[in-house]
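Peer 1: any chance you can model this:
(2 chains)
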Amino acid sequence: MQITFDLNLNGKTAVVTGASRGLGRHIAVSLANYGAFVIVNYKGSESMAKATLEMILSSGGQGMIRKFDVASAQEVETSISEIISERGSVEILVNNAGLARDGLLGRMKISDWNDVIATNLTGTFNTCRYLSKSMIRNRSGRIVNICSVAGEVGNGGQVNYSASKAGIIGFTKALARELAPRNILVNCVSPGLIKGGMGDLLTEKQAEAIVQHVPLGRLGDARDVCAAVVFLCSEMANYITGQVIRVNGGLYM
Amino acid sequence: MDEIEKKVVDLIAEVLVDVNKDNIQLDSKIVEDLGAESLDIYDMIALLEDEFGMEISDEEVEKIQTVQDVADFIKAQKQA
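Peer 2: Numbers count the residues shown, from 1 in each chain, chains lettered A, B, ... in the order given. Next up is the predicted model:
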């Protein structure tokens, strides 16, 4: 008897939102390196998105860039229908697009609250909403929503970010139940402090302070998050849905 | 069965993969007889909308019980 697994994603199309930089970029490249045709979504910087695509192409992968703001239902609907008509179907969706507008509650601008919820949470709702039709038709699909330890333990000065990421977890569990009958698996990856991700926003001092609380005693690496995403998109995770895979060095258990 | 009725039966058979197409009769109730679940209904609506190029509102879906109801609805929409 032999039990091995194939991580190959050949023939699958993956949409990765917010893939022009940070974790999204790494996730896009990693999925492409396992054979997926990756749609590199971006909102603002075309040159950054092109750089991500260049990384994909130069490492033998395939993909294309696609500009749309996940917070805009109209833009998502239009782009998703274009992608479906071009690619036929989309098998993988990674909701990574997210932003942070920190501030203590009393001084947090209403727009900072609205923008973060609109992008992080409603953005995830928008992409899932418009892609679910194709996945339901195909009777299969993988949705990976990138949340955060901040959404699980809460971060002072980040009530908007924490709420949006906690919301993604609730959304993920509900959607997992809803789409299970059509074999569409919906999970979260919850990164802790990652170099190349939100970890970069911390000052040297802040990072050092927090690392004391990380049992593994170091920041995570973007590839650590990519590993969890690729795993959840592969046949290794055929029986995993509605879960939160924490990639945080033990920071939160 | 006319053209539209045949097409409707084909689409329903495409969605309800576990149902033998011969069992899909015009008077079959889509939920009670054919065992369609919520996602099947959603998928069916999406297919019908794409096939016949029309919008089917939730209210209209409520009124549809049998395969015949679907065909009649589409014919009515085509006349309108």
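Peer 1: contact residues of chain B facing chain A?
Peer 2: Within chain B, the positions near chain A by C-beta under 8 Å from any C-beta of the partner chain are B:Glu37, B:Leu39, B:Tyr42, B:Asp43, B:Ala46, B:Leu47. From N, CA and C alone the C-beta is placed, and that goes for glycine too.
Peer 1: any idea which helix or strand comes after the one helix or strand the second one maps to?
Peer 2: When elements are assigned from DSSP states H and E, B:Leu39 belongs to helix B:38-52. Secondary structure here is assigned by DSSP H and E; on that basis, the next helix or strand after helix B:38-52 toward the C-terminus is helix B:58-63.
Peer 1: now tell me what touches that following helix from outside.
Peer 2: Helix B:58-63 is contacted from outside by B:Ile41, B:Ile45, B:Asp69, B:Phe73, using C-beta atoms under 8 Å, 6 or more residues apart in numbering or on different chains.
Peer 1: average pLDDT for that helix?
Peer 2: What helix B:58-63 shows for mean pLDDT is 92.
Peer 1: just the CA atoms of it, as PDB, please.
Peer 2: The C-alpha trace of helix B:58-63 is given here as PDB (Å, rounded to 0.1, in the frame of the first residue of the first chain):
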ATOM      1  CA  ASP B  58     -37.500  35.000  -6.400                       C
ATOM      2  CA  GLU B  59     -41.200  35.600  -6.300                       C
ATOM      3  CA  GLU B  60     -41.600  33.800  -9.600                       C
ATOM      4  CA  VAL B  61     -39.500  30.900  -8.400                       C
ATOM      5  CA  GLU B  62     -41.800  30.600  -5.400                       C
ATOM      6  CA  LYS B  63     -44.800  30.000  -7.700                       C
END
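Peer 1: for chain A, just list every one of the helices.
Peer 2: Using DSSP state H, the helices of chain A run over residues A:22-33, A:46-58, A:73-87, A:110-116, A:123-138, A:149-153, A:159-179, A:204-211, A:222-233.
Peer 1: quick one: closest of those helices to A:Arg66.
Peer 2: For the helices of chain A, proximity to A:Arg66 was assessed by C-beta to C-beta; helix A:73-87 is nearest, at 5.7 Å.
Peer 1: what helices and strands are in contact with that closest one?
Peer 2: strand A:13-16, strand A:37-42, strand A:62-67, helix A:123-138 (3 or more C-beta pairs under 8 Å, 6 or more residues apart in numbering or on different chains; DSSP states H and E).
Peer 1: ok, back up a step: return the most buried member of the helices of chain A.
Peer 2: A comparison of the helices of chain A by mean neighbour count, using mean count of other C-beta atoms under 10 Å in any protein chain shown, puts helix A:22-33 on top with a mean of 26.
Peer 1: distance of the residue most central in space within chain A from chain B?
Peer 2: Nearest residue to the geometric centre of chain A (C-alpha atoms, centre = their mean): A:Asn96, 2.8 Å. When C-beta to the nearest C-beta, to the nearest Å is applied, the distance between A:Asn96 and chain B equals 26 Å.
Peer 1: and that residue, what is it in contact with?
Peer 2: Neighbouring residues of A:Asn96 by C-beta under 8 Å, 6+ apart: A:Val16, A:Thr17, A:Gly18, A:Ala19, A:Leu23, A:Gly24, A:Ile27, A:Ile146.
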